[in-house]
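predicted model follows, preceded by the sequence.
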Amino acid sequence: MSLKIPIETSARHVHVCEEDFKKLFGEDAELTYVHELSQPGQYLCKERVTIVGPRGKFENVAILGPYRKETQIELSMTDTRKIGVSGVIRQSGYIDGTPGCSLIGPAGSIELEKGVIVAKRHIHMTPLEASRARVRDNDEVFVITESYERGLIFADVVVRVSPSFKLAMHVDTDEANAFASDVSPTGAILKLFDGQTYSLQQWADEIQSGINR
Ligand SMILES: [Zn+2]
């Protein structure tokens, strides 16, 4: 059975560890809750920071709570070009070997040696939804989008499964613009290769060497 998956766009944002937050906003500061996000427990904060790279900066960037173990900056590929850092695609939380940047807050600034990622597109779902869609945590799937005039099939979409998740696919602003996203766009997992996880890169390599599946 195919699931109709809401597609949500993540604009550039920052997750902070408590220690870095205190350096930016002061020893007595705390994250200020504004509203909940689609994933349970995640929320938008009132506090904003400036992200600075070698070639540019973004002011007034949202912080998402709660605190994380490590500070992480999520940008689109276009954003990384604008501030002059390399765009490294990663799943959230895997920041070893990623570029750094500076963050400026009202009470201070910090230099980060790592933490800037372009988030790998992904779907959040519950174990029940995963079993219905016949996918597992960390599978990579194709998603066909609902669109006007600019339909797109996304490859390499990683599935994340947890009982605490709510069904949603997360893309960044570049990806959303690429399929001219509607007000509330949706997608569905497209079963190619008998429903097996398959890498688009591998498929492309095969086609270019004359293997047609
Ligand atoms: Zn997400």
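Received the coordinates, thanks.

please parse the protein into its domains.
11-119, 121-208 (automatic domain parsing).

can you get me a residue count around residue 81?
15 (other Cβ atoms under 10 Å). No exception for glycine: its C-beta is placed from N, CA and C like everyone else's.

that one reaches residue 56, doesn't it?
No - contact criterion Cβ atoms under 8 Å: residue 81 and residue 56 do not qualify, at 9.1 Å.

which stretches of this structure have low pLDDT?
1, 195-198 (pLDDT under 70).

where exactly do the helices run in it?
Counting by DSSP state H, one finds helices in the chain at the ranges 18-25, 77-83, 127-133, 173-178, 200-208.

give the bridge partners for the residue nearest to the spatial centre of the chain, please.
The residue lying closest to the centre of the chain (Cα atoms, centre = their mean) is residue 119, at 3.6 Å. For residue 119, the beta-bridge partners are residue 90 (DSSP bridges).

distance of it from residue 169?
12 Å (Cβ to Cβ, to the nearest Å).

returning to what we had before: residue contacts, the residue nearest to the centre of the chain?
Applying Cβ atoms under 8 Å, 6 or more residues apart in numbering to residue 119 gives the contacts 10, 74, 89-92, 170, 172.

can you lay out those residues as CSV showing distance to residue 2 and neighbour count?
Below are the contacts of residue 119 laid out as CSV (distance: Cβ to Cβ, whole Å; neighbours: other Cβ atoms under 10 Å):
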residue, distance to residue 2, neighbour count
10, 24, 18
74, 29, 22
89, 26, 12
90, 28, 17
91, 24, 14
92, 26, 15
170, 19, 23
172, 24, 22
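
so for residue 3, which of the domains of the chain sits nearest?
Among the domains of the chain, domain 121-208 comes nearest to residue 3, with 5.3 Å by Cβ to Cβ.

next, count neighbours for the residue nearest to residue 68 when sequence neighbours are not counted.
Once flanking residues are discounted, residue 68 sits nearest to residue 15: 4.4 Å by Cβ to Cβ, 6 or more residues apart in numbering. Look at residue 15: counted by other Cβ under 10 Å, it has 22 neighbours.
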